[in-house]
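In: When you get a sec, could you give me coordinates for this:
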Amino acid sequence: MEWEQLSPKMRIAISREHRFGTDAFLLSDFAAPRRRDRCCDLCSGCGIVAALWFREPDQAPQAAWCVEIQPRAVGLLRATAAENGLEGRMIPVQGDLCRLQELPLPPGGLDLVTCNPPYRQPGSGLVSHRESDRIARHETLCRAEDICRAAQRLLRHGGRFCLCQRPGRLAEMISLLQRHQLEPKRLRLVQQRPDSAPWLFLLEAKKGSRPFLQVEAPLIIEGEGGFSPEMLRIYGKG
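Out: Got it, this is the predicted structure:
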């Protein structure tokens, strides 16, 4: 186990198998929970998406459940919660989101659900020999439809579901969300540079909402001489 500093007063436990990337920072910032929100992060890994919400204690949500199936990742979640005095607010839940009814979660009572899901469908792309990478990158233990079903079950009416995914799966995700009474409301594409094609999308859906999709300006990763001003803000360096 190692420690990564997220802010002067916040650090997260990671390991060689369970780390995080830029997409987790983007999703956490895009979701932007409110102070009184009760949240849940699915496929949580080491807990980076939820941990970032607690960098600023005065702006942090009321509680964030972190659902993860891999025991070693859940151990990191517990270590992070203990290290930062977040027991009872950043809540590790070990279990299978496909068996959500068996997990200690408040169904139909959450304001926000997030997920940085496996990006690749079964049978697509190179499969890693490391089990933790296979689970994180490929839909081996859960499918996109399972994630949408879990979010629908957890959210209150009007609650928000935020996810990130590769652009090639945008049409599929919109269809799945609508099938589970989660109406896409806000879309943002992520580009490395202004002249490059998007490599990620961020999508927010609301449970029980009417159809209307707002497409926001692209999020640009690189600016002149390094990260763009927005990325510096997201990383906590701006």
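In: average pLDDT for the strand or helix carrying Gly75?
Out: Take DSSP states H and E as the rule and Gly75 turns out to sit in helix 71-83. Mean pLDDT, computed over helix 71-83, is 97.
In: same question, stretch 202-219
Out: Here the average pLDDT along stretch 202-219 is 98.
In: Next SSE downstream of the lowest-mean-pLDDT helix or strand in the chain?
Out: Counting by mean pLDDT, DSSP states H and E, the chain has its least confident helix or strand at helix 131-137, which shows a mean of 52. Next helix or strand after helix 131-137 toward the C-terminus (DSSP H and E): helix 144-154.
In: which residues does Glu2 contact?
Out: By CB atoms under 8 Å, 6 or more residues apart in numbering, the contact set of Glu2 is Ala13, Ile14, Ser15. In this view, the C-beta of every residue, glycine as well, is placed from N, C-alpha and C.
In: Isn't Ile221 up against Pro229?
Out: No. Using CB atoms under 8 Å as the test, Ile221 is too far from Pro229 to be in contact (11.4 Å).
In: Who has more neighbours out of those two?
Out: Ile221 (19 against 10; other CB atoms under 10 Å).
In: what's the nearest residue to the more buried one if we skip its chain neighbours?
Out: Nearest-residue entry for Ile221: Gln192, 5.0 Å, with adjacent residues in sequence omitted and distances by CB to CB, 6 or more residues apart in numbering.
In: How about Phe20?
Out: Ile48 is the one closest to Phe20 (CB to CB, 6+ apart), at 3.9 Å.
In: mind listing what that neighbour touches?
Out: So Ile48 contacts Ile12, Phe20, Ala24, Phe25, Ser28 (CB under 8 Å, 6+ apart).
In: one more time with 10 Å, if that's ok
Out: Counting by CB atoms under 10 Å, 6 or more residues apart in numbering, Ile48 touches 4, 6, 12, 14, 18-21, 23-25, 27-28, 41, 66, 76-77, 80, 116.
In: Tell me the gap between the very next helix or strand once past the helix holding Gly75 and the middle of its chain.
Out: Tracing the chain past helix 71-83, the next element assigned as helix or strand by DSSP H and E is strand 90-94. Strand 90-94 sits 14 Å away from the centroid of its parent chain (CA atoms, centre = their mean, to the nearest Å).
In: So which elements touch strand 90-94?
Out: Where contact means 3 or more CB pairs under 10 Å, 6 or more residues apart in numbering; DSSP states H and E, strand 90-94 is packed against strand 38-42, helix 48-53, strand 63-68, helix 71-83.
In: Can you check which of the ones you listed gets nearest to Leu163?
Out: strand 38-42 (8.8 Å; CB to CB).
In: So what are the sheet partners of the closest one and their directions?
Out: Here strand 38-42 is paired, per DSSP bridges, with strand 63-68 (parallel), strand 110-115 (parallel).
In: so the residue nearest to Ile221 makes contact with Gly223?
Out: No. Gln192 is beyond contact range of Gly223, at 11.0 Å (criterion: CB atoms under 10 Å).
In: Quick check: bridge partners of Ile12?
Out: Glu4.
In: Low-confidence stretches in the chain?
Out: 120-140, 238 (pLDDT under 70).
In: still on that earlier bit, of the contacts of Glu2, which count as buried by neighbour count?
Out: Ala13, Ile14 (16 or more other CB atoms under 10 Å).
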